[in-house]
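Peer 1: for reference, the sequence and a predicted model appear below.
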Amino acid sequence: MKRIMQSGLLLFAIFLVACGAPAIQATLPAPAVSAAQATATSAPAVTFPLTITDGLQRPITLAAPAQRIISLAPSNTEIVFAIGAGSQLVGRDVLSDFPTEAQAVTDIGDTFIELNTELIISLQPDLVLAAEITPVEQVAQLEQLGLTVFWLSNPLDFEGLYANLTTVGQLTGYELEAADLSAALQARVAAVDSAVAARAETPTVFYELDASDPLAPWTSGAGTFIDLLISRAGGQNAAAGLQGAFAQISIEELLVQDPMVILLGDAAYGITVESVGQRAGWSGLAAVQAGGVYPFDDNLISRPGPRLVDALEELAHLLHPDLFD
């Protein structure tokens, strides 16, 4: 479990939320946006002052598009840059390391440990973009300092992701760019759907979050974004019988499920393909015997931003390489 806390897994309880944070494990709906706002061709002009309900069901009003933004989560930072508003980001949390340009933005601390509130105030933000990993107490603290804080819910599916892009686009004045990005992502997801529809089999997949205890490794259960992505990529989650973004599966159950593919979301913490076969009881798994163990960039799958589509594409290529030659 230690690696999960270190990775800052963003919560999905769905895209997974960092388990070490005191944040609420909410499954609140994504901010309400109309279907007409989904594409650049139909998106109406956004007028200000603008009021949008955030993930905590609070009406947040901006007098004008936010020009000085502080992001409290890597997923938010990636969204801001992806829609083209990166130049308006004046502060970001310590874990925000993508894209590379984000690393040049002022580091305002760690939402899991401590934020530098004095620095945040000095940056004079007109919008603080919080995420589901942000504790509500932290939101209240920042608001007591006179800051405008918008709490962006984790998406529960791709439609929720597109809605989040729309929302951030409206808040920043990049609604058309957000709509274009959303349309491009939808096309990529549709391409994967079309390809995997022709699959000959649906392999069982085990996604490893932390195997500090190899007899009861941590994974992600049913109803999470990892579960959704595995299914959407043409696989079956070996932990589908478990519940929660972070769940332990016994080695006995893992042997029963006998996954054809094992994905190492903890590869960044020194777990290697070779070491998996050396664990007690693991050598008999089909994935180990057939060379179906792969490292996987967990940032793609644990940060509820545009790179979730990258994760879907990579998963689909790993599970069904013959469909993408």
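Peer 2: Structure received. Numbering: from 1, shown residues only.
Peer 1: so where do the helices sit in this protein?
Peer 2: Listed in chain order, the helices of the chain (DSSP state H) span 2-7, 74-82, 117-122, 136-144, 158-172, 175-196, 225-232, 251-257, 273-277, 286-289, 298-302, 308-319.
Peer 1: ranking those by mean pLDDT, which is last?
Peer 2: Sorting the helices of the chain by mean pLDDT places helix 2-7 lowest, at a mean of 45.
Peer 1: state the distance from the closest residue to Thr172 other than its chain neighbours to Pro65.
Peer 2: Once flanking residues are discounted, Thr172 sits nearest to Ala85: 4.2 Å by CB to CB, 6 or more residues apart in numbering. Just so you know, the C-beta spots here come from the backbone N, C-alpha and C atoms, and that holds for glycine as well. The spacing between Ala85 and Pro65, counted by CB to CB, to the nearest Å, is 9 Å.
Peer 1: before we move on, what about Ala178?
Peer 2: 12 Å.
Peer 1: between the two, tell me which one has more neighbours.
Peer 2: Using other CB atoms under 10 Å as the criterion, Ala178 and Pro65 rank with Ala178 on top: 28 against 20.
Peer 1: what sits against that one?
Peer 2: 83, 165-166, 168-170 (CB atoms under 8 Å, 6 or more residues apart in numbering).
Peer 1: ok, now which ones touch Leu229?
Peer 2: Each residue near Leu229 by CB under 8 Å, 6+ apart is listed here: 301, 308, 311-312, 315.
Peer 1: same question, Arg92
Peer 2: Contacts for Arg92 (CB under 8 Å, 6+ apart) come out as 70-71, 77, 102, 105-108.
Peer 1: report the two of the contacts of Leu229 separated the most.
Peer 2: Pairwise distances across the contacts of Leu229 peak at 10.5 Å for Leu308 and Leu315 (criterion: CB to CB).
Peer 1: neighbour count for the two, which is higher?
Peer 2: Taking other CB under 10 Å, Leu308 and Leu315 do not tie; Leu315 has more neighbours (28 against 25).
Peer 1: if you skip the residues just before and after it, what's nearest to the more buried one?
Peer 2: Closest to Leu315 by CB to CB, 6+ apart is Ala233, at 3.7 Å.
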